[in-house]
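predicted model and sequence follow; I will ask about them next.
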Amino acid sequence: MGNKGLKGIIVGVFIASILSAEQTKITISNSIGDQILPTVCKGKLSYLVCWVDNRAGTNMDRVYGQIVSEYGMLEGTEFLITSTSGISKPIITFNPTNNKFLVTSFEWNKGFFVSNNGSILDSTDIWMSEEGIYPEAMCFDGDKYFAVFYCTYGANKHKLLGKFFSKDGKSTDDTLITLDEINIPKDISIAFNNNQYLVVWSDALEENYDIRAQLLSKQGKLLSTDLYISYEEWDESSPKVSSDGTNWFVIWEGDCQIKGRIVSQSGQLVDDSAITLIEDTDSYFPSLSFNGDMYIVSTSTINEFNIIIITRTGKIVRKESFSQNEQVYWTDISADKFGYLTVFSTKNTQDYDLYGMFANTEVYEFPDTNILKIISNPFVGFTKIIGYTGELQIYDILGRKIETTDITDEQTTFGHNLKRGIYFVKPRDNSSVKAFKLVKIK
């Protein structure tokens, strides 16, 4: 098989993978005390999960981090990032040019660089803002960071401000961009579409909280005014925004439902009405990510955890609910083409613990086979296949064939000689069966 043909198969596998992935629940932290307000961000080879933790039992909360591999395995142990006097959800942004996460939070005046393996780097010079100007959201546009801050001034006056930082965390200049002078903003989110930023927030400009937005150029020029994503007769909150590289998708919570809307690159609403993602139930804590092909929404409904898969055009293609023993709080999600990790807290009889739900391309069924499956994928050491006998060809991520295995029966194992990494496997004597992803952990 040539590289060109396999690459086409790989693209098809990526699209199908998120629709057929199995969920794996992992315990991220269940230490004594509460683990709340989790945030997750995908790096090149791993996820960084951060949360607020009061295990010390004092009035000073702490922010901890945990590295989770792209295969859904905990790597290393929890590590302390900083102590804080204020309780707020950490903000994480990944910079692929230097392979570092930048962590900050509301009421902090500085950020912390964390490497992909969990070691905390020197943060002495990463000053985000002055006292009274608080970071609320941040993203990396490929060249620099853009952070959004909230401040109050005068008698009950509020501002949203924007500021650029270089890839090493230095302020590019002292200019603060005024995004809006608003009433009482909350739940601010930002996404970059390769050319522009869209900032969204919930704002009680009138009687109820509504979902508003501001469009900016990559240079920070305001491109829209008074952009409303949603305007209803009830409070709407918790907006999240993500981009497919061209348009944006915005989700929010309102009237105990989760809704969404596509915003074009020109800042226009694509449809006349919002898309209802979850209805007629108490829905909270929505989060959103884009995996390179589809949007993935996670949210909670009482004691259930929900995953919703949505196309770029806003079509819902899959909904899944996962029952938990306790009520789910504070969800967040991060995705790429290999899978996703969503994190959430649940309260047991004593305190809040932190969990994750991980999914990747684990099991596939194919048109001309009855039950063609890989057992244990991701795997350690070796694995096996059921529902197929014959020659099995294994390719690396670049499309090079590196191994051929003869599967004689369901007890035949393979993968012993593979190094840790991602591979693609295809049965040779069944042309209708497409390649599927294989992940070896160690």
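Yes, it's here. Note that this is a predicted model, so its numbers are computed, not measured.

what's the burial count for residue 332?
Neighbour count for residue 332, taken as other CB atoms under 10 Å: 27. For the C-beta atoms, the positions are set from N, CA and C on the backbone; glycine is no exception.

need the pLDDT of the nearest residue to residue 103 once chain neighbours are set aside.
Distances taken as CB to CB, 6 or more residues apart in numbering place residue 112 nearest to residue 103, at 4.7 Å, with adjacent residues excluded. In this model, residue 112 is scored at 92, pLDDT.

swap in residue 356?
For residue 356, the model assigns a pLDDT of 93.

could you say which helix or strand contains it?
Per DSSP states H and E, residue 356 falls inside strand 352-360.

point out where this structure drops to low pLDDT.
1-22, 56-60, 124-125, 154-156, 280, 360-372, 398, 429-435 (pLDDT under 70).

what's near enough to touch the most centrally placed residue in it?
Nearest residue to the geometric centre of the chain (CA atoms, centre = their mean): residue 334, 1.4 Å. For residue 334, the contact set (CB atoms under 8 Å, 6 or more residues apart in numbering) comprises 40-42, 47, 289, 340-342.

could you give me the ChimeraX selection string for whichever of the residues you listed are buried?
Per 16 or more other CB atoms under 10 Å, the buried members of the contacts of residue 334 correspond to this ChimeraX selection:
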select :40,41,42,47,289,340,341,342
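
restricted to helices, list the contacts of residue 334.
Here DSSP state H is the test, and the contacts of residue 334 give no hits in helices at all.

residue 134 versus the residue nearest to residue 103, what's the distance?
Per CB to CB, to the nearest Å, residue 112 is found 16 Å from residue 134.

more neighbours: those two, which one.
Remark: of residue 112 and residue 134, residue 112 carries more neighbours, 24 against 21, as counted by other CB under 10 Å.

contacts only, for that one.
81-82, 102-104, 120-121, 123, 126.

quick check, nearest of those to residue 181?
The closest of the contacts of residue 112 to residue 181 turns out to be residue 104 (CB to CB; 23.3 Å).

so what's the residue lying closest to that closest one once chain neighbours are set aside up against?
Leaving aside its sequence neighbours, residue 104 sits nearest to residue 111 (CB to CB, 6+ apart; 4.1 Å). For residue 111, the contacting residues are 102-104, 123, 126, 128, 135, 169, by CB under 8 Å, 6+ apart.

do residue 104 as well
The contact partners of residue 104, taken as CB under 8 Å, 6+ apart, are 90-91, 110-112, 128, 135, 138, 147.

any chance of the residues you listed in JSON lines, plus secondary structure and distance to residue 359?
Formatted as JSON lines, these follow (DSSP: H, G, I helix; E, B strand; the rest coil; distance: CB to CB, whole Å):
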{"residue": "90", "secondary structure": "strand", "distance to residue 359": "23"}
{"residue": "91", "secondary structure": "strand", "distance to residue 359": "24"}
{"residue": "110", "secondary structure": "strand", "distance to residue 359": "34"}
{"residue": "111", "secondary structure": "coil", "distance to residue 359": "30"}
{"residue": "112", "secondary structure": "strand", "distance to residue 359": "29"}
{"residue": "128", "secondary structure": "coil", "distance to residue 359": "33"}
{"residue": "135", "secondary structure": "strand", "distance to residue 359": "30"}
{"residue": "138", "secondary structure": "strand", "distance to residue 359": "26"}
{"residue": "147", "secondary structure": "strand", "distance to residue 359": "30"}
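
can you say which of these are buried?
Neighbour-count burial (16+ other CB under 10 Å) applied to the contacts of residue 104 gives 90-91, 111-112, 128, 135, 138, 147.

show me what the helix or strand following the strand holding residue 356 is packed up against.
Note on strand 352-360: by DSSP H and E, the next helix or strand toward the C-terminus is strand 373-375. Using 3 or more CB pairs under 8 Å, 6 or more residues apart in numbering; DSSP states H and E as the contact test, the elements touching strand 373-375 are strand 383-386.

state the next helix or strand along the chain beyond the strand it packs on.
By DSSP H and E, the next helix or strand past strand 383-386 is strand 390-395.
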